[in-house]
Structures are given as C-alpha cells and as structure tokens.
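Sequence and predicted structure are below.
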Amino acid sequence: MANQDSTNPSHDLFEQFVQAQTCKEVQRIFSELCHHLQVDPRDYQSFYTKLKERLNYWKAKSLWVKLDKRAQHQDYQQGEVCAKNKCLVLGAGPCGLRTAIELALLGAHVVVLEKRDSFSRNNVLHLWPYTISDLRGLAAKKFYGKFCTGVLDHISIRQLQLILLKVCLLLGVEVQTGVEFKGFVEPSGATGWMAKLFPDNHPAGKFQFDVFISAGGGSFVPYGFKRKELRGKLAIGITCNFLNRHTAAETQVAEISGVARIYNQKFFQDLLTETGIDLENIVYYKDDTHYFVMTAKKKSLLKMGVIKQDFSDADKLLAQVNVDQEALLRYAYDAAQFSTGHCLPDMQFAQNHAGQPDVAMFDFTCMHRAENASLVRERKGKKLLMGLVGDCLVEPFWPLGTGIARGFLAAFDTAWMVRSWGKGRPHMEVLAERESIYQLLSQTTPENTSKKYSAFSIDPATRYQHVNLNSVKAFQVKNINIIYSFYFYNSVGAFEVLLKWCQQHTAGYDRVNVKDLNQSWRSGLALCALINTFRPRVIDMSSLEESNAVYNNQLAFNFLERELGILPIMSAREMSFKGQIDKLSMVHYLTQIHDAFNERTPTKAPLSAPKVNPDPVNLDLEPSLMPGISSNEECYFCCQRVYVLERISTEGKLFHRSCFTCHQCGTTLRLGGYTFNQHTGQ
C-alpha cells in the first residue's frame, strides 16, 4: 500500500495539502492537485463530486465521509436551495471562511476576498463545546492532529484559518488573497452588482453577485450599517505570544484557564510584590505559541513606565505615542514568567505580521456592535442582500472567549438568511427574521444554547433554546431596505466621490466653499448654487445673503421637493441653526440630488443669473412653505409636517418620534411594543 501511495502523484499532493502550514502553500498545492486530477475549481457545482471520484485514495475517505455527512443535511436540500445565488464574502478570517462553507453547501457560487496574502495571527481562541463538535464534523482533526488534545479547549487563529481554508477549497469556494475590496460597482443595464477591487484589473472584479457578506472585521463595516458603542469601566488588555519549541520542558508547564483576582488574591499579591505588576486576571494557553492574555491596572502600567502619561480619554491613554514599547515588552515578559512559575525555558517573543514582537495592548472597555445584521439594497431593479458576521457584527469580549463561538453562530444565522433569500421569500420577511435571530446573539452563552451539539445546523431552532423567528415584524425593517444609490457602499469611497461631485458643481460661486458633506451646507448657499448649476435662472444667487440661512435653505427645499420630489430631511430652521448636521442624513439627501441631476448636463450660464418669478417664501408659517403636503407626510397625532430625521412609520402611518407616546402614561413607545386601537386611533 505504501509503495502504491508513493508512486501516485495525486496521493502525494493530497498529503502535502493536508499538512500544508501556510496560506500560500495551501493554495499552491491545491492548484497543483486540481491540475493533476484535471478538475476545474471554477466548476463549483460539480467540483467536489469530481474531486472525490478522481482522488481515489484510502486516506482521503475519512475526509469525504465527514464532508458528505454534513452536505447531506436536509437544510441544504442537496445543494439546490441556493444554486442560483452568487455570494461575495469579504474577509478570510475564521468567521468569513465558516460562512463561505455554509453558503457552498447550500449550492451557491461563493467567492472570498482577503486583503492579506498570509495567515499570521498567533492569538489563541477559546472554544465552546459546540464549536469543537462543529469543527470535528468538518474534519479538523484530519488537518490538524493536535486539535483539542490538551486539557483546555482552544486553537490558534492561524490554525483555524488553515483548517477552514482547506475545507472551503474542497467544496469549490474561490478564495482570492492579496486583493483589496474598495467598494461596490452598481448594476448597469446588462450587469449586476460587482466589486471595485485593488488591483483594479483583478479577475474577481468581474464577478456579479446578489449576496454580500462582510467579515472584514471591526475596521470595515459597509455603508448603511450603524454601530453602537458599549463602554464600561476602564479595562486594559494585553496579549502576547512566545515561541513554542515543543520541548519536553515546555510540555510540562500547566495552562491557566483563567485566574481572576477575586478567586486567588495571594497569586496576584505575590505577583505585585515580586514584579510590581498589578493584574485583574490572566489566561495562558499553549498552542502554536505560548499565548497570554491579561487585564492590567492602569496605575501599575503608569508606575512601570509602560504608559507615559495619564489621560482620562482611553484613546489618548493607549495611543502609540503614549506607550513605551520596550517597557510593555518587559511587563508582558515578567507577567508570563511569573504566572508559569518561571518554568518556560528561553522565552522569546513570536513575531506578528509586521515582523515585530507579538505583543499588543488595547482597550477592553469599548466594544461595538451593529444595530442590525442585514439590509437589502436595490438599484435598477437588482437587489443585493447584505449581512455582517464576525467582529463587524459584534466585537468579542476576550476574557469571556465569546468571539469565535458567537462568530460561528452568526455565520450559521447568516447562512439561514441566505437560504431564505434563495428560496424566494419576500425580502422584507427575510430581513425581519434575521433581525429576530440577531436579538439573541449577545446574550448567548454555553449554558443557554442547546446541548445537542451533534444536531446543530444552520436552522436557528437547533441551536437557540428559545427563539422567536417573528419577534421583529416586516414593517419594522423598512429602514434597512434601501433603494437609493450611493456610488460605492464603503464609507470612504462613497463620501469622496459624492464630495468631489458637489465641489465640481458649486465651484466658482461667491461665498460657497464646500469642504465637507454636512457643515458646509448650513447657509443654504451651496444648495442654491447646486440647483443653479443645473437649472439656471431659477434662483438669483446675487440676491441671497449668507446671514439669511433659513430663507436660502427654504428656497432650495421648495424647489427640490416640488420639481424633483426630494423631501427635506429637516426644517430650514434646523438646517440653519442645528448644532451639528448629521452627515449620513446629508449624504442621503445629496445623493438623491445627485441622482436626479446626474442625467442632465449642467447648463453654461452666468453664476448669478436673473431670477424669473421665484416662489414666494413665508418664513413665519413653515407648513405653508410646502405646497401640496399630502396626509401621508403629516404626523398622525399632531398633523404637522414630519421630516425624514424625526420620522417613525408604523401601522401605515407617520409619527414624530416625540409624538409616538402611550396615550395613557405618555411613555415613549418602541416599535412592536404597543397595541393600537383601530376604532379610537389611540
């Protein structure tokens, strides 16, 4: 058998693929294996089947058994349920790759984009029981023989990425590394949604998709998603990694699952006495590296010279210029030495992706979570379903080890959403169900999830003990069904393109200097200039005074609503005197103006053209400034005009947020948390 294996090149390539320890190596060997077997990974629908048939190797059979068992689950409907869907996943971190696997099992054409071309994250992840069961079901042990063989259950991020990358490739997922996502290219008449990439000639830029999943981390949240910041009492975290040479002496050192001051005061007091280091807790995991994570007291960091100067603001406190890197290395080294009883020999820092000692200090205090997990965009009749997974959905709290566990749960929830999308359910129902499930995620613990780990699937009912798929109603998610256009939906690209367009078409006007997308518009002159560029002689620019901002804004609002159907986002007075104009709302407003004017060529006319019968403006009675206000633009309770920024919509009616209160006690109501009497209207 051994001779037969060694003389078959495909068997040797398979062994190399299984054992490969870098991202580039995995991709290279996989490409060679496919070439030798004459199977095309781009033939995603039949690739896995052909690969199994042509790689008739006894050592691969255990892998096929694992993957076949997963693929045969009823949720995937033999890979037919999403056979017509094309999915772009941003980010080849653990959550992005885990999502891609589920989408491939559903039958979708899946492309993963990753900016980096290597997996270099040494940090070690704590695994909940269900994640261990899940990864074993994906043959993790086959790819990484040491998977969960120690006393504690954990795995390095790098090893987890390698396992999931290999599974992705075997299932026909296209993983593109070294390519940066720059935003969206909107559909044209002949094409659907595509990605703007760097390098701009990358072949993945031609991929058309109807599903976009961002797993790009907290630094990339697609435009349209809002995030909440959760802050608590200051907690400063330090992570560090040391080389693991896997010697006998290193093997004997016991791991630390988590020592907290409240449970072992003597340990922390001895640490303080011997080293001057004052910690709240510390964890030590032994994996590819010796990994430590600890929470340090600010007073101790200042005393030891790690932090140079005290600031009340956490960002300033932990800014790079305020941290002595050498002192930080000493602090982490001494804490690691003491906590392991000085038994780790010849401790040497592992290197991070930048070739520097892998030590980091950050703020545990501040965490972000997205307000919603999904939205739908529509342009020229072509819908795009968007979802978040990983850190850009909910940032993890490292001391509790929630990151990968909740990350995988969100990956399954997202796959369930795409399954509903593929089945053709109304998109508002798809969004409502996803948001219903998302409400459970932040409260999820090992104790309140189902204990039948082998039964876990993408169906939320198999994982959450108490899940109501209808807790959020379709009418409550109208605000995340967005049908207007923003050139590219990443915040930087969209804003820059829109700002340049505004600057181009307001250039040369006296007293108009557009520097941004909010404060520069306060006087109303910029809006009037924009209108005058495309519709000369409607507004006499020379007659407008910068000090009369309410008049200017109302003049522009009237024209834009009457002629273009663009509703104002606030009153003229608010626009003129509000302390800070909301940038996102102004981007929404200006984008609608752009879309309305974009098909028109600006008329070459004097920058101050004569005014021809302009509409009279009444500054005392604002409702009269808006001719033809229909009843569906008035607050149901007070009958006054409702602007976009202060609008709530429910029961088919509009309300001011301030008016949407309980008839009996006056408490502000939440959507879904009230009863409505159709007869009395209360």
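Thanks, I have it.

Tell me who's in contact with the residue sitting nearest the centre point of the chain.
Per Cα atoms, centre = their mean, the C-alpha nearest to the average position across the chain is that of C392, at 3.0 Å. Shown in contact with C392 (Cβ atoms under 8 Å, 6 or more residues apart in numbering): 214-218, 220-221, 225, 370. (Glycine included, C-beta is placed from N, CA and C.)

for the residues you listed, which one is nearest H11?
Distances from H11 to the contacts of C392, taken as Cβ to Cβ, are shortest for A215 (33.9 Å).

where does that closest one sit relative to W193, distance-wise?
18 Å (Cβ to Cβ, to the nearest Å).

Could you do V124 as well?
In this view, V124 and W193 are 37 Å apart by Cβ to Cβ.

More neighbours: these two, which one.
Neighbour totals were compared for V124 and W193, and V124 leads with 28 against 23 (other Cβ atoms under 10 Å).

Now the phi/psi pair for that one, please.
Recorded main-chain torsions at V124 are phi -110, psi 140, according to degrees, to the nearest 10.

Please tell me how far it sits from D288.
8 Å.

Could you name every residue contacting both of these two?
Counting by Cβ under 8 Å, 6+ apart, the shared contacts of V124 and D288 are S156.

how near is L97 to H35?
Taking Cβ to Cβ as the measure, L97 and H35 are separated by 23 Å.

And these two? Which one has more around it.
Remark: of L97 and H35, L97 carries more neighbours, 26 against 11, as counted by other Cβ under 10 Å.

isn't that one right up against L169?
No - under the contact definition of Cβ atoms under 8 Å, L97 does not touch L169, with a separation of 10.1 Å.

shared neighbours, those two?
By Cβ under 8 Å, 6+ apart, L97 and L169 have these common neighbours: V175.

Packing partners of whichever strand or helix holds L440?
Under the criterion of DSSP states H and E, L440 resides in helix 427-441. Using 3 or more Cβ pairs under 8 Å, 6 or more residues apart in numbering; DSSP states H and E, the elements in contact with helix 427-441 are strand 374-379, strand 382-388, helix 403-422, strand 481-482.

quick one, that helix and strand 374-379 angle?
Orientation of helix 427-441 against strand 374-379 (axes from the mean of the first three to the mean of the last three Cα atoms, to 10 degrees) gives an angle of 150 degrees.

What residues sit buried inside helix 427-441?
Applying a neighbour-count criterion of 16 or more other Cβ atoms under 10 Å, the buried positions in helix 427-441 are 427-428, 430-438, 440-441.

which of the residues you listed lies closest to K451?
Among the buried residues of helix 427-441, L440 lies closest to K451 (Cβ to Cβ), at 16.4 Å.

care to break this protein down by domain?
79-146+155-227+370-477, 233-364, 491-628, 629-682 (automatic domain parsing).

Can you say which of those domains is packed in most?
Scoring the domains of the chain by mean neighbour count under mean count of other Cβ atoms under 10 Å gives domain 79-146+155-227+370-477 as the most buried, with a mean of 20.

Endpoints of that domain, how far apart?
Domain 79-146+155-227+370-477 has an end-to-end distance of 29 Å (criterion: Cα to Cα, to the nearest Å).

picking up where we left off before, now that we have the domains of the chain, can you turn them into a markdown table and tack on mean pLDDT?
As requested, the domains of the chain are arranged in a markdown table below (pLDDT from 0 to 100):
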| stretch | mean pLDDT |
| --- | --- |
| domain 79-146+155-227+370-477 | 92 |
| domain 233-364 | 92 |
| domain 491-628 | 76 |
| domain 629-682 | 58 |
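
Now do the helices in the stretch 401-550 of the chain.
Counting by DSSP state H, counting those that start in this stretch, the stretch 401-550 of the chain has helices at residues 403-422, 427-441, 491-506, 525-534, 549-564.

mind checking which of the ones you listed is nearest H202?
Smallest distance to H202 across the helices of the stretch 401-550 of the chain (Cβ to Cβ): 16.3 Å, for helix 491-506.

quick check, distance from the closest one to the centre of its chain.
24 Å (Cα atoms, centre = their mean, to the nearest Å).

can you check stretch 196-208 too?
Centroid separation between stretch 196-208 and its chain, computed with Cα atoms, centre = their mean, is 21 Å.

which residues are contacting that stretch?
Stretch 196-208 has contacts (Cβ under 8 Å, 6+ apart) with 86, 88, 111, 113, 174, 176, 179-185, 191-195, 488, 493.

ok, now stretch 341-349?
Stretch 341-349 is touched from outside by 240-243, 245, 247, 249-250, 252-253, 290, 329, 333, 336-337, 357-359, with contacts defined as Cβ under 8 Å, 6+ apart.

can you do 6 Å?
242-243, 249, 253, 357 (Cβ atoms under 6 Å, 6 or more residues apart in numbering).

from these, which two are the most distant?
Spatial extent of those (Cβ to Cβ) is set by the pair A249 and P357 at 21.9 Å.

Next up, the contacts around A373.
If a contact means Cβ under 6 Å, 6+ apart, then A373 has 388, 393, 434, 438 as its contacts.

Give me the phi and psi for it.
On the backbone of A373 - angles per degrees, to the nearest 10 - the values are phi -100, psi -10.

coming back round to it: who wins for proximity to K69 among the domains of the chain?
When the domains of the chain are compared by Cβ to Cβ, domain 79-146+155-227+370-477 sits nearest K69, at 7.2 Å.

chain center to that closest one: distance?
9 Å.

got it, and stretch 219-238?
Taking Cα atoms, centre = their mean, one finds stretch 219-238 lying 11 Å from the centre of the chain it belongs to.

can you tell me the distance between the two ends of it?
Across its full length, stretch 219-238 reaches 20 Å between end residues, using Cα to Cα.

and K66, how many residues sit next to it?
Residues contacting K66 under the criterion other Cβ under 10 Å number 18.

Quick check: it vs A139, distance?
K66 sits 4 Å away from A139, taking Cβ to Cβ as the criterion.

And K298, by the same measure?
Distance, K298 to A139, by Cβ to Cβ: 45 Å.

Also I132?
Going from I132 to A139 by Cβ to Cβ gives 13 Å.

What of S118?
Where A139 is concerned, S118 sits at a distance of 23 Å (Cβ to Cβ).

can you check H246 too?
If you measure H246 against A139 using Cβ to Cβ, the figure is 23 Å.
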